[in-house]
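Undergrad: The amino acid sequence is not available; the structure is as follows:
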């Protein structure tokens, strides 16, 4: 397997590598299993976005313990799956820059993905450009393609995909799935059909992800006939083994076109395929699906099954509270959060944020502010909560309060890495410009840039807009249009880590 040196420039320093080797071992020591589990546990317990994970690693070395690269890679993967991208990137860079360990092609894929999500697409492109041509393999190009797909950069994705075809890197179904997902998300259904035909002509078979993408694409265009035929194909194909997730995904697709009874039947089938190993995540998905159906009785039935597992999971309380909010049961969500507050072992800011978000959407801004202050007074103040509150104020036209909340978020010293909502920031900047407080606007933008809350490209765009015509900021802020709230990314997909076509290629 070709290895890529981890530092940049790409040639490692021999002395540094020897130094790194003093603290790194590939051999299994007698107590390595226990030590590795302890290191992984320490890393994963450091879940707050306000703290760097690097001191945890450095402390581990100070204790004279060895670090195995597979354990670091496993921690990176776990953090990626839980959307802790900033921490995952810190470990990835520490692994190569401090420990001087070579990055495998899979590590490079992960690094590209993490850079694009934490620092923006432009920085990911710079990282890709720094890889020598002779070392740019399948995973490097696939990683770049995945970045373009995630950022919905259609033209760049198509150019990269064509380059991969020329290099012979586009033969696998996963590469095609990335493009299919992008076309589906952007509503390019004609291009999607052309690509499907190309796959058939080249003999590239579907996998379950392909079928799920197509099923949801047909649902988006209300093409029930094609949905039915495709689903029958999925069930009849001897090479396809349907599991609970496939039936759950199909149920959600049929629900989108109003086939509620069909969706209900598929959810029951999904539940029948749940195993002891999969029941935790499966129940969390079922909570969301039954909430989409508006079936509160089924939501509570699944919740009771979930609690019968006998273990306490933050993700379960997060899923349940989101599900109740979706059904407009704020009181029920408050009770779930109160129960969580009395039992949690590891604090998860996303659970309180469910309530803050719900209050904002209902216009209960005083309640949202009061709860945010309560979190701050208890020592659990978080950047994300103030950003949610700022967006709520902005949506309801209370711009002075929105600016105040955004300032609180920007001034939290240890909040670097959390990506602020561009529309909220643009709305606040527009307000400050119109009220003549341009100096504060520039200071706010400077803080957001320095602490990595916005990508370089977005900061530059907003900076230019501040010095230009107000109409430019109006466009960026969504003031000229009716899609303002619909573009705010508060949804369960981000908070629950929901599996969707947007995660194509995320798992290596």
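TA: Now that the structure is in, tell me what you want to look at. Everything numeric here is computed off the predicted structure, so don't read it as measured data.
Undergrad: For the stretch 51-200 of the chain, which segments count as helices?
TA: For the stretch 51-200 of the chain, the helices defined by DSSP state H, counting those that start in this stretch cover 54-62, 69-81, 85-93, 105-118, 121-129, 138-150, 154-167, 173-185, 189-202.
Undergrad: out of these, which comes closest to residue 315?
TA: Evaluated with C-beta to C-beta, the helices of the stretch 51-200 of the chain place helix 69-81 nearest to residue 315, the distance being 11.0 Å. C-beta coordinates here come from the backbone N, C-alpha and C atoms, glycine included.
Undergrad: Residue 364: which of the helices of the stretch 51-200 of the chain is closest?
TA: Across the helices of the stretch 51-200 of the chain, closest to residue 364 is helix 85-93 (C-beta to C-beta), at 30.5 Å.
Undergrad: got the angle between the closest one and helix 69-81?
TA: Per axes from the mean of the first three to the mean of the last three C-alpha atoms, to 10 degrees, the angle that helix 85-93 makes with helix 69-81 is 160 degrees.
Undergrad: re earlier: for residue 433, find the nearest of the helices of the stretch 51-200 of the chain.
TA: helix 121-129 (25.2 Å).
Undergrad: and the angle from that closest one to helix 138-150?
TA: Using the same axes, to 10 degrees: helix 121-129 against helix 138-150 is 170 degrees.
Undergrad: ok so, going back, tabulate the helices of the stretch 51-200 of the chain (JSON lines), appending distance to residue 375, mean neighbour count and mean pLDDT.
TA: Output for the helices of the stretch 51-200 of the chain, formatted as JSON lines (distance: least, C-beta to C-beta, whole Å; neighbours: other C-beta atoms under 10 Å; pLDDT from 0 to 100):
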{"stretch": "helix 54-62", "distance to residue 375": "24", "mean neighbour count": "15", "mean pLDDT": "88"}
{"stretch": "helix 69-81", "distance to residue 375": "23", "mean neighbour count": "19", "mean pLDDT": "90"}
{"stretch": "helix 85-93", "distance to residue 375": "20", "mean neighbour count": "23", "mean pLDDT": "92"}
{"stretch": "helix 105-118", "distance to residue 375": "24", "mean neighbour count": "23", "mean pLDDT": "94"}
{"stretch": "helix 121-129", "distance to residue 375": "32", "mean neighbour count": "18", "mean pLDDT": "95"}
{"stretch": "helix 138-150", "distance to residue 375": "30", "mean neighbour count": "24", "mean pLDDT": "97"}
{"stretch": "helix 154-167", "distance to residue 375": "39", "mean neighbour count": "16", "mean pLDDT": "97"}
{"stretch": "helix 173-185", "distance to residue 375": "34", "mean neighbour count": "23", "mean pLDDT": "97"}
{"stretch": "helix 189-202", "distance to residue 375": "44", "mean neighbour count": "14", "mean pLDDT": "96"}
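Undergrad: These: which one's closest to residue 290?
TA: helix 69-81 (23.6 Å).
Undergrad: thought residue 115 was touching residue 124?
TA: Yes. Assessed by C-beta atoms under 8 Å, residue 115 is found in contact with residue 124 at 4.4 Å.
Undergrad: Distance-wise, check the residue minimising distance to the centre of the chain relative to residue 420.
TA: With distances taken as C-alpha atoms, centre = their mean, the chain has residue 83 as the residue nearest its mean C-alpha position (4.7 Å). In this view, residue 83 and residue 420 are 16 Å apart by C-beta to C-beta, to the nearest Å.
Undergrad: who's in contact with the closest residue to residue 124 other than its chain neighbours?
TA: Nearest residue to residue 124 in three dimensions, chain neighbours excluded: residue 116, at 3.8 Å (C-beta to C-beta, 6 or more residues apart in numbering). By C-beta atoms under 8 Å, 6 or more residues apart in numbering, the residues touching residue 116 are 123-124, 147, 150-151.
Undergrad: Swap in 7 Å and give it another go.
TA: 124, 147, 150-151 (C-beta atoms under 7 Å, 6 or more residues apart in numbering).
Undergrad: got it, and residue 348?
TA: Residue 348 is in contact with 314, 318, counting by C-beta under 7 Å, 6+ apart.
Undergrad: Can you tell me which helices and strands the strand or helix carrying residue 322 packs against?
TA: In this assignment (DSSP states H and E), residue 322 forms part of helix 314-326. Under the contact criterion of 3 or more C-beta pairs under 7 Å, 6 or more residues apart in numbering; DSSP states H and E, helix 314-326 touches helix 279-293, helix 296-307, helix 330-341, helix 350-361, helix 492-496.
Undergrad: do you know how far residue 458 is from residue 452?
TA: Distance from residue 458 to residue 452, by C-beta to C-beta: 11 Å.
Undergrad: If we ignore the residues flanking it in sequence, what's nearest residue 161?
TA: Distance criterion C-beta to C-beta, 6+ apart; nearest residue to residue 161, sequence neighbours excluded, is residue 179 at 5.6 Å.
Undergrad: Contacts only, for the one you found.
TA: Per C-beta under 7 Å, 6+ apart, neighbours of residue 179: 157, 161, 195.
Undergrad: Perfect, that will be all.
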